[in-house]
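Participant: one predicted model, sequence on top.
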Number of protein chains: 2
Amino acid sequence: MAKQNRTRFALLGLLASESLTGYEMKKKIDGSLNHFWKISFGQIYPTLNVLVEAGEVEGEEENGSTRYKLTEAGRMALTDWLRQVPEELPVQKNELLLKLFFSRHEDHRETIKKLEKHEQLLTARLKVYQQIESSLMESCGSSPDLTYWLLTVRHGIAVTKAGLDWCRQSITFMKEWKR
Amino acid sequence: MAKQNRTRFALLGLLASESLTGYEMKKKIDGSLNHFWKISFGQIYPTLNVLVEAGEVEGEEENGSTRYKLTEAGRMALTDWLRQVPEELPVQKNELLLKLFFSRHEDHRETIKKLEKHEQLLTARLKVYQQIESSLMESCGSSPDLTYWLLTVRHGIAVTKAGLDWCRQSITFMKEWKR
DNA sequence: CGTTTATTATATCAATTAGATACTATCAAT
DNA sequence: ATTGATAGTATCTAATTGATATAATAAACG
């Protein structure tokens, strides 16, 4: 494990604009971050506690729940982290490709089934991304985040389209390969 | 954590064609699987031990090292797993997109730097994938795995090209957005 | 208005994973 | 002969996953 708790920067980033409860963070993560930075809910409170202990975040009781907000130390930690240029491409785990890699050990019709399911899943994901793009443009016109958020969702759209094209070509190929 | 040790199926898959030492598995993982199914070296021997205890693999001492081979139970476990159609798309963690998402909190020139670095990394990755594709076609012409391995590397090529296009468009946009 | 379901909010935990580190033996290069 | 690389095996700490648990409040329903 990289001895760098990267999830803490994701939480610091979420708090950069406003204070939030842990549960509100979960909702924001579910609606946006999880498309490109999956965080398990079970990690949020432990990580928040680490951030409070590190003095980068402070929690304020309010109507029976705790709202967390960035401290100055937290803002600097976020800025320092943001400035670092990532030196590595994303780590990826793809079950379909793993199975594809071993697919000579099964009937090719099973392979086609998997590819067809994958096509469905990608199609649904593409719709979601396109809806996100539309709603961002409709409802965030004046947000300083808009430009950057659009960039991330357009990345998702581009990569999902490419995956779909590959998938469809692969299905076609497989169907013709072993008639 | 998903209560399913998915790494064990990757190891079973590697052993489907031939017996291997743990270190040989590491090398095969480094040269192929790690492009779409990252496995930490620290996981290989513990997982092999689990597979031996489960009776799906057996180890044979040979010239001072242990070669592992699939048992009939292991072959059936692999076949059962292969048949299952993945119901979910890949889990992804992308540090660049995470930082992009929060980039309104820093100068846009820093953002351009990251995108440019990302372009370099994707360009290098694309070259690697294209070399893999070429060498597969040159040297595995009669292998029953060839078709499937080509499908996986072509997925990587397609997705990497899409990411590169997005990256270049994003750089262009950022440079023109805030002159 | 009482009951049921959903949401909000917080927490814990076992299993898995990541990646570093350690050790030994043999082989290749100098 | 010495040094560095490879082959081979192993352990460990920290982080993560995703399930599960609990409780309070709000919304929906009969």
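Facilitator: Perfect, thanks for sending it. In this text, all values refer to a predicted model and were calculated from it rather than measured experimentally.

Participant: quick one: the worst-scoring helix or strand of chain A on mean pLDDT near chain B?
Facilitator: Counting by mean pLDDT, DSSP states H and E, chain A has its least confident helix or strand at strand A:91-93, which shows a mean of 80. Yes - Strand A:91-93 is in contact with chain B by Cβ under 8 Å from any Cβ of the partner chain, via A:Val91, A:Gln92, A:Lys93. Glycine gets a C-beta too; all of them are placed from N, C-alpha and C.

Participant: would A:Leu89 count as being in a helix?
Facilitator: No - under DSSP: H, G, I helix; E, B strand; the rest coil, A:Leu89 falls outside any helix and is assigned coil.

Participant: that one contacts B:Thr123, doesn't it?
Facilitator: No - counting by Cβ atoms under 8 Å, A:Leu89 sits too far from B:Thr123 to count as a contact (10.8 Å).

Participant: the more surrounded of the two?
Facilitator: A:Leu89 (16 against 13; other Cβ atoms under 10 Å in any protein chain shown).

Participant: OK, contacts around that one?
Facilitator: Neighbouring residues of A:Leu89 by Cβ atoms under 8 Å, 6 or more residues apart in numbering or on different chains: B:His118, B:Leu121, B:Leu122, B:Arg125.

Participant: same thing but at 7 Å, please
Facilitator: A:Leu89 makes contact with B:Leu121, B:Leu122, B:Arg125, according to Cβ atoms under 7 Å, 6 or more residues apart in numbering or on different chains.

Participant: possible to save those residues as TSV with pLDDT and neighbour count?
Facilitator: Formatted as TSV, the contacts of A:Leu89 follow (pLDDT from 0 to 100; neighbours: other Cβ atoms under 10 Å in any protein chain shown):
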residue	pLDDT	neighbour count
B:Leu121	94	20
B:Leu122	95	21
B:Arg125	94	18
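
Participant: nearest to DNA strand C among the residues you listed?
Facilitator: Taking Cβ to the nearest atom of the strand as the measure, DNA strand C sits nearest to B:Leu121 out of these, at 15.3 Å.

Participant: show me the contacts for that closest one.
Facilitator: With contacts defined as Cβ under 7 Å, 6+ apart, B:Leu121 is in contact with A:Leu89.

Participant: before we move on, which element is it in?
Facilitator: helix B:108-139 (DSSP states H and E).

Participant: how far off centre is that helix?
Facilitator: Centroid separation between helix B:108-139 and its chain, computed with Cα atoms, centre = their mean, to the nearest Å, is 15 Å.

Participant: which parts of that helix are buried?
Facilitator: Of all the residues in helix B:108-139, those buried under the rule 16 or more other Cβ atoms under 10 Å in any protein chain shown are B:110-112, B:114-115, B:118-119, B:121-122, B:125-126, B:129, B:132-133, B:136.

Participant: after it, which helix or strand is next?
Facilitator: Following helix B:108-139 toward the C-terminus (DSSP H and E): helix B:146-177.

Participant: write out the residues of chain A neighbouring DNA strand C.
Facilitator: Neighbours of DNA strand C within chain A, by Cβ under 7 Å from any atom of the strand: A:1-3, A:21-24, A:26-27, A:41-42, A:45-46, A:49, A:65-66, A:91, A:93.

Participant: so which of these are in helices?
Facilitator: In this view, those that belong to helices under DSSP state H are A:Gly22, A:Tyr23, A:Glu24, A:Lys26, A:Lys27, A:Tyr45, A:Pro46, A:Asn49.

Participant: of the residues you listed - the most surrounded one?
Facilitator: A:Gly22 (18 neighbours).

Participant: from A:Thr111, how far out is A:Met174?
Facilitator: 6 Å (Cβ to Cβ, to the nearest Å).
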